[in-house]
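> Sharing a sequence plus its predicted fold:
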Amino acid sequence: MEVLSLIGSGFLVALTPLNIGLLLMGCFVGTLLGALPGLGPVNGVAVLIPLTFAFGFDPTSSLILLCAVYFGCMYGGRISSILLNIPGDEPAIMTTLDGYPMAVQGQAANALAISGVASFVGATIAVIGLSLFAPVLARAAIHFGPADYFALYILAFATIGGIAGVDPRKTLLSALIGLMLATVGIDPISGVPRYTMDNFHLYDGIQPIVALVGLFAISEILLLLEKSAKDRPKAIKVDRWMPQWSAIWPTRWAMLRGSGVGFVAGVLPGAGASLGSFMAYVFEKQKSNGKGTFGKGDPRGVAAPESGNNAAAGGALIPMLSLGVPGSGTTAVLLAMLISLNVQPGPLLFERQPDLVWGLVASLYLANIALLILNLPMIGIFTRLMMTPTWALMPVVAAVTFVGVYGISNSIFDLELMVFFGIIGYIMRKLDISLVPLVLGLLLGGDMERALRRAMSISDGDWSILIASPISITLYVLTVGFLALSVWLAVRDHKQTQAERLTEG
Amino acid sequence: MTGTSVRLFGAAVFAIAALYTLQADTYQITFGDVLGPSVFPIIVGIPMMILSASLVVFPTGTVDWPGRDRLWRQAAALAVFIGYVLVMEQVGFPIATAALIALVGIIMGGPPWHAVALGVVFGPGLWALFDQVLGLPLDFLGDLFG
């Protein structure tokens, strides 16, 4: 099989001493970031990007490091969900529902082991899916013309976060703000400076990395300041760490179902790991909640969401690598790093830089094995480090973000911009407006405009070129379908909350 | 009243989008590609105005803004961040960073002496990591003392 030989060549890239070292470091840091309440995968990877630049690794090694962190976060998030009843990151919310009750009943070791194995199953299935489907999608995408790409970007913006149930207008507005910010700077085609307000710092445009570190990391600190420092959680004491094999084996079908559901959710644009774990949990509950044990410490309620979020995380890499359109917040951040390193993901990436693609895929197989070892026998380390108080952790994280961003550009202006974006990010998060579409708009806006203008040059100003190919028509039909679905869901939720309010009053 | 914050946000975005769209019209060139630099911003600006206006008229969601004491802490943290950015090149990286870590630690509710100790360790520590190990040039003493 062709795929096997490609993966084989990937292992040659992955098994260099540098890449193995980065992989192990990424897995460790990722699990820790996931386990620490407050630092999730998006924040974790965003903070680490400037550091990665500082190290000066080549794109392949940087991507291996950050993807290991990404996968590690997905494994680590469950630890605080189970022991503290606080999700370590957003996708781990569903794991608190049955994981914490299990821990209260003295089943902490089993809950951690089940979720660890479930993470491994989900992530491995997703990497296998990535190896099989990403090249196929990339080959299909070779036929995309500029007009088709324009349609693809429209689809990505229309769907990102769209089925999560929040007001779709807010999500779209966020994407449009991102697109607006992307037009700041000298227009690469005509050379006209746009929206620079005569500030020469803005001639190069807004660096996505600066914006996203501010949006995610600085706003996170502002959000944490709302919480009281006094109510520190107490972790459940664990007497023995050895799990029972007999507790893990009965959850195997829940793991496989969760992986399948999560993987599909991950591949869809704009859904990501949170939706993956949510859908996996709901699906498993409908399927297996015969005795009403879900929510009271059912092991399957731990296995399904954990395999779901890990499978979704891996699945989200597929559209990012093969189309250049990320499927989640963290993959959007990874895309920002690749673009900054002059690597343009998309169908051509598989032809021009197979080392990068397959080196990453091989590394992810290895990362799963490393993470399984870190998360089962060595879990004691993380449960201790997890208790690092916020007042000690976040100031150091803030300092690292400032140095990292300053290190990229040596520009005080960029630091000011970062703080500004932190305030914007905080306000938007308070108003329930997702930041991911904004980041995506800022990242893809330039390409989207270029695709549109190239298409219009080809047709010499005839707008009908945008709907001239079957590919673009299909994409627009999908867009309309997604938008209709998300509007319908939002209206339904709105009516439900109104009905609840009436019955309460 | 519920929705006020969303209305204000919608109004602000509407104003920005309107200015943005108007400004786009001034980017006219007579050569180059067919579409020119002004069309894409208009394509972005007009739906922005429609969506933000609709949020002003029909806001959704409720927002719990923090209490006054929390707002003060957030303002203090922002002041520290901005102060750090402004003085960093003057006083040099280790001192500025030590102060940043100590002050933010105290604002986040850490015991003051512990926070200061953390800053004293990590300020120079991060400088050593970035400047010495990773080779990113960072001012040690700054313009004021250097």
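Happy to help now that I have it.
> Going by C-alpha atoms from here, please, whenever you check contacts or count neighbours.
Noted.
> tell me which element the most centrally placed residue in chain A falls in.
In chain A, the centroid-proximal residue (C-alpha atoms, centre = their mean) is A:T330; its distance is 2.8 Å. Here A:T330 sits within helix A:329-340, counting by DSSP states H and E.
> neighbouring contacts of the next helix or strand after that helix?
Going down the chain from helix A:329-340, the next helix or strand is helix A:347-352, by DSSP H and E. Identification of contacts with helix A:347-352 by C-alpha atoms under 8 Å, 6 or more residues apart in numbering or on different chains yields A:135, A:137-139, A:141-142, A:321-324, A:357.
> Now with 7 Å, please.
Residues outside helix A:347-352 that contact it (C-alpha atoms under 7 Å, 6 or more residues apart in numbering or on different chains): A:138-139, A:141-142, A:322-323, A:357.
> I'd like those laid out as a markdown table, including pLDDT.
Listed next are the contacts of helix A:347-352 as a markdown table, based on pLDDT from 0 to 100:
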| residue | pLDDT |
| --- | --- |
| A:A138 | 90 |
| A:R139 | 88 |
| A:A141 | 87 |
| A:I142 | 87 |
| A:S322 | 90 |
| A:L323 | 88 |
| A:V357 | 91 |
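> Out of the residues you listed, which end up buried?
Buried members of the contacts of helix A:347-352, scored by 16 or more other C-alpha atoms under 10 Å in any protein chain shown, are A:138-139, A:141, A:322-323, A:357.
> could I get those residues as a markdown table with secondary structure and distance to chain B?
A markdown table is the format used below for the buried ones among the contacts of helix A:347-352 (DSSP: H, G, I helix; E, B strand; the rest coil; distance: C-alpha to the nearest C-alpha, whole Å):
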| residue | secondary structure | distance to chain B |
| --- | --- | --- |
| A:A138 | helix | 27 |
| A:R139 | helix | 29 |
| A:A141 | helix | 24 |
| A:S322 | helix | 26 |
| A:L323 | helix | 22 |
| A:V357 | helix | 27 |
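> Those: which two are farthest apart?
Distance extremes for these: the farthest pair is A:A141 and A:V357 at 15.9 Å, using C-alpha to C-alpha.
> for chain A, what are the nearby residues on chain B?
Within chain B, the positions near chain A by C-alpha under 7 Å from any C-alpha of the partner chain are B:6, B:32-35, B:37, B:40-41, B:44, B:48, B:51, B:63, B:66, B:70, B:73-74, B:85, B:97, B:101, B:104-105, B:108-110, B:115, B:134, B:136.
> Need the buried ones from those selected in ChimeraX.
Those of the residues of chain B next to chain A that count as buried under 16+ other C-alpha under 10 Å are selected in ChimeraX with:
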select /B:6,33,34,35,37,40,41,44,48,51,70,73,74,85,97,101,104,105,108,109,110,115,136
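> phi, psi of B:P111?
When read as degrees, to the nearest 10, the backbone of B:P111 gives phi -60, psi 130.
> for the one 5 residues further on, same thing?
Here the main-chain torsion angles of B:V116 (degrees, to the nearest 10) amount to phi -60, psi -40.
> For it, list the residues it contacts.
With C-alpha under 7 Å, 6+ apart, B:V116 has these contacts: B:A102.
> State the pLDDT value of it.
Looking at B:V116, its pLDDT is 95.
> which bits of the stretch 151-300 of chain A sit near chain B?
Checking the stretch 151-300 of chain A against chain B by C-alpha under 7 Å from any C-alpha, the hits are A:169, A:173, A:176, A:179-180, A:187, A:190, A:222, A:225-226, A:229.
> nearest to A:F421, of those residues?
A:L222 (11.9 Å).
> Quick one: the helices in the stretch 251-400 of chain A, in order.
For the stretch 251-400 of chain A, helices defined by DSSP state H, counting those that start in this stretch occupy the ranges A:252-267, A:272-288, A:299-315, A:317-323, A:329-340, A:347-352, A:354-375, A:379-385, A:390-409.
> Please identify the deepest-packed of those helices.
helix A:299-315 (a mean of 36; mean count of other C-alpha atoms under 10 Å in any protein chain shown).
> quick one, it and helix A:354-375 angle?
160 degrees (axes from the mean of the first three to the mean of the last three C-alpha atoms, to 10 degrees).
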